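> below is the structure, and that's it, no one-letter string:
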């Protein structure tokens, strides 16, 4: 593989990873977070154990592995509207190659210190993804307040659906492919409600 090809592949992986993190974490991760703030925490894996890989596979139509658990803690700053909180992301997928990234599914549950408006959420995600084509809209298919977002850059499309359980509690699902429908995302978000 040439240096140019390796460079392009590395850039695609970094873009895909950024989209996964932003899409997997509905509100908190919309502002830039240093890599050290994302960690794999053993006690959080019991959260991801509540939703089986088989349940996720049944919705997406292909086999996914057991989840990897990531937690993100956010300290309040001016950029994130002085909100603090935590997010648990359960990623069903190896994310070791472009092929596996495109089949990864992330479910998340998030608790923040104070409610954010839809406009604040949209502005945060748009700011964090300024180089990507970004779509954000209300979603009514679940009968509860929710929003759908889609990010596209360098041939990668990330999309997600986040449900607002109450002003400070969110759950949702995200994928790195346009092949998953909004209806499937809705079914995945319902699974995330179990986390």
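All right, it came through fine. Keep in mind the model is a prediction, meaning the values are calculated, not measured. Residues are numbered from 1 along each chain as shown.
> now residue 157: how far from residue 133?
9 Å (Cβ to Cβ, to the nearest Å). The C-beta positions use only the backbone N, C-alpha and C, and glycine is treated the same way.
> between these two, which one's more packed in?
For the pair residue 157 and residue 133, the greater number of neighbours falls to residue 157 (18 against 10), based on other Cβ atoms under 10 Å.
> hang on, that one in a helix?
No: going by DSSP: H, G, I helix; E, B strand; the rest coil, the assignment for residue 157 is strand, not a helix.
> could you check the pLDDT of it?
As predicted, residue 157 sits at a pLDDT of 82.
> was I right to think it contacts residue 151?
Yes: with contacts counted by Cβ atoms under 8 Å, residue 157 reaches residue 151, the gap being 7.2 Å.
> which neighbours do residue 157 and residue 133 have in common?
Shared contacts of residue 157 and residue 133 (Cβ atoms under 8 Å, 6 or more residues apart in numbering): residue 151.
> where does the prediction get shaky in the protein?
1-45, 125-126, 128-131 (pLDDT under 70).
> and residue 161, bridged to which residues?
Residue 161 has these beta-bridge partners by DSSP bridges: residue 148, residue 173.
> roughly how far does it sit from residue 146?
Distance, residue 161 to residue 146, by Cβ to Cβ: 6 Å.
> same deal with residue 57?
From residue 57 to residue 146 the distance is 23 Å (Cβ to Cβ).
> those two: who's more crowded?
residue 146 (22 against 15).
> so the more buried one touches residue 163, yeah?
Yes: using Cβ under 8 Å, residue 146 is in contact with residue 163, at 4.5 Å.
> mutual contacts of these two, please.
172, 189.
> flag every buried residue along stretch 139-154.
Going by neighbour count (16 or more other Cβ atoms under 10 Å), the buried part of stretch 139-154 is 139, 145, 146, 147, 148, 149, 150, 151, 152, 153.
> identify the farthest-apart pair in the residues you listed.
Distances among the buried residues of stretch 139-154 were taken as Cβ to Cβ; the most separated pair is 145 and 153, at 27.6 Å.
> which parts of this protein are strands?
Here the chain has its strands, by DSSP state E, at 38-39, 68-74, 85-92, 105-112, 133-138, 146-153, 156-166, 169-175.
> would you turn the ones you listed into JSON lines with distance to residue 52?
As requested, those are arranged in JSON lines below (distance: least, Cβ to Cβ, whole Å):
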{"stretch": "strand 38-39", "distance to residue 52": "24"}
{"stretch": "strand 68-74", "distance to residue 52": "14"}
{"stretch": "strand 85-92", "distance to residue 52": "9"}
{"stretch": "strand 105-112", "distance to residue 52": "11"}
{"stretch": "strand 133-138", "distance to residue 52": "30"}
{"stretch": "strand 146-153", "distance to residue 52": "23"}
{"stretch": "strand 156-166", "distance to residue 52": "20"}
{"stretch": "strand 169-175", "distance to residue 52": "15"}
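> residue 105 reaches residue 62, doesn't it?
No: in this structure, residue 105 is not within contact of residue 62 by Cβ under 8 Å, at 9.7 Å.
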